[in-house]
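J.: With the sequence up front, the predicted model follows.
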Amino acid sequence: MTTLDLTQPTPTIAASATEAVRRSRTIEREVRGIATSDGAGVKLTRVLTQNLQRRLDPFLMLDAFGTDSRDDYIGGFPAHPHRGFETITYMLAGRMRHRDSAGNEGLLENGGAQWMVAGSGVIHSEMPEQEDGRMEGFQLWLNLPASDKMAAPWYRDLPAAAIPTVKLESGGTLRVLAGRSHGVDGAVARPVTEPVYLDVALPAGSTFSQALPLGHNAFVYVYRGEVTVGDGEAASVLEPQRMGVLSNDAQADGVIVRANADARFLVIAGKPLNEPIVQYGPFVMNSQQQIFEALNDFRDGRFGGSEGAAAK
């Protein structure tokens, strides 16, 4: 895997196309995250919880974390297993070291991300490499189709410079982690679920439009400022630390977001799998029997291995 110089500024490119949206999706439901902790006491907000997994299929979970207090994150996430899904960790600020049972290791830094497919099973850890300062970011869980749940695990580092950053005509910026936006392909493309993962920064008064495929489930999560989602009388205000589940209106071809103040937000969408979801902690499969098998395989040391080399 190519190593990029993170001491250099992330290159910004001009949008090569606009996203024409004739009719915007609207907010069907507003969600306030639940304060919780995970790993060795890391404090976070669980935004997408299990009760939304069917509605936001193929997404299983979204955690947001952000603090200036070392005590909220210093314990990190010691070694723990996963099977049956993908994890996408996006770091806005801070440093986390990834190690896993397939022999992969990487350092997640400001503006970077890591994409890991747990597949048939992997044990990994994510530990802070800082003693103080701010740590902020997100972890998203993306389900795997039944046909891929037992595929070999893989892992990919995405340094900040590997994530396309687009200058918008509105004066804002767009980072394309996955999917396609404004004529720019994201850092990662995944088959079957076809995820779109965008991080958008807008100055007050400006507007962002994103075309979305019909049938994709989608949501917006605001982590700075305040925005209005939708157009006309159906538009709704979304305050910071709120997720707006977007309607699946067959007449809507995308989403329009206007910044009421300087704002940053995520736009995430994916093609639903429409398959059974059975979750037991860090294992997400299609049946209870498969969960029993995952527990047995983990207990017997059959997670991870040399077949899980880093993805190219």
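T.: Perfect, I can see it now.
J.: which stretches of the stretch 1-150 of the chain have low pLDDT?
T.: Applying pLDDT under 70 to the stretch 1-150 of the chain flags the ranges 1-11.
J.: low-scoring stretches of the stretch 201-312 of the chain, by residue?
T.: Applying pLDDT under 70 to the stretch 201-312 of the chain flags residues 305-312.
J.: change it to 80
T.: Low-confidence segments of the stretch 201-312 of the chain (pLDDT under 80): 304-312.
J.: quick one, helices of it?
T.: In the stretch 201-312 of the chain, helices defined by DSSP state H, counting those that start in this stretch lie at 288-299, listed in chain order.
J.: Tell me which stretches of it form strands.
T.: Ranges of strands in the stretch 201-312 of the chain, per DSSP state E, counting those that start in this stretch, are 207-211, 217-224, 227-229, 236-238, 242-246, 254-259, 263-270, 278-280, 283-285.
J.: Ok, which of those strands comes nearest residue 29?
T.: strand 242-246 (4.4 Å; Cβ to Cβ). Placement of C-beta: from N, CA and C, glycine included.
J.: so what does the closest one touch, helix or strand wise?
T.: strand 27-32, strand 217-224 (3 or more Cβ pairs under 8 Å, 6 or more residues apart in numbering; DSSP states H and E).
J.: between that strand and strand 27-32, how big is the angle?
T.: With axes from the mean of the first three to the mean of the last three Cα atoms, to 10 degrees defining the directions, strand 242-246 sits at 160 degrees from strand 27-32.
J.: how about the strands of the stretch 201-312 of the chain, which one is nearest residue 63?
T.: Checking those against residue 63 by Cβ to Cβ gives strand 217-224 as the closest, at 11.0 Å.
J.: and that closest one, which residues are buried?
T.: 217-223 (16 or more other Cβ atoms under 10 Å).
J.: Just give me the closest of the residues you listed to residue 161.
T.: Nearest to residue 161, judged by Cβ to Cβ, of the buried residues of strand 217-224 is residue 223 at 22.2 Å.
J.: quick one, what contacts the closest residue to the closest one other than its chain neighbours?
T.: Leaving aside its chain neighbours, residue 223 sits nearest to residue 264 (5.7 Å; criterion: Cβ to Cβ, 6 or more residues apart in numbering). With contact taken as Cβ atoms under 8 Å, 6 or more residues apart in numbering, residue 264 is in contact with 199-202, 222-225.
J.: Pipe those residues into JSON lines and attach distance to residue 251 per row.
T.: Below are these laid out as JSON lines (distance: Cβ to Cβ, whole Å):
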{"residue": "199", "distance to residue 251": "28"}
{"residue": "200", "distance to residue 251": "24"}
{"residue": "201", "distance to residue 251": "29"}
{"residue": "202", "distance to residue 251": "25"}
{"residue": "222", "distance to residue 251": "25"}
{"residue": "223", "distance to residue 251": "29"}
{"residue": "224", "distance to residue 251": "31"}
{"residue": "225", "distance to residue 251": "29"}
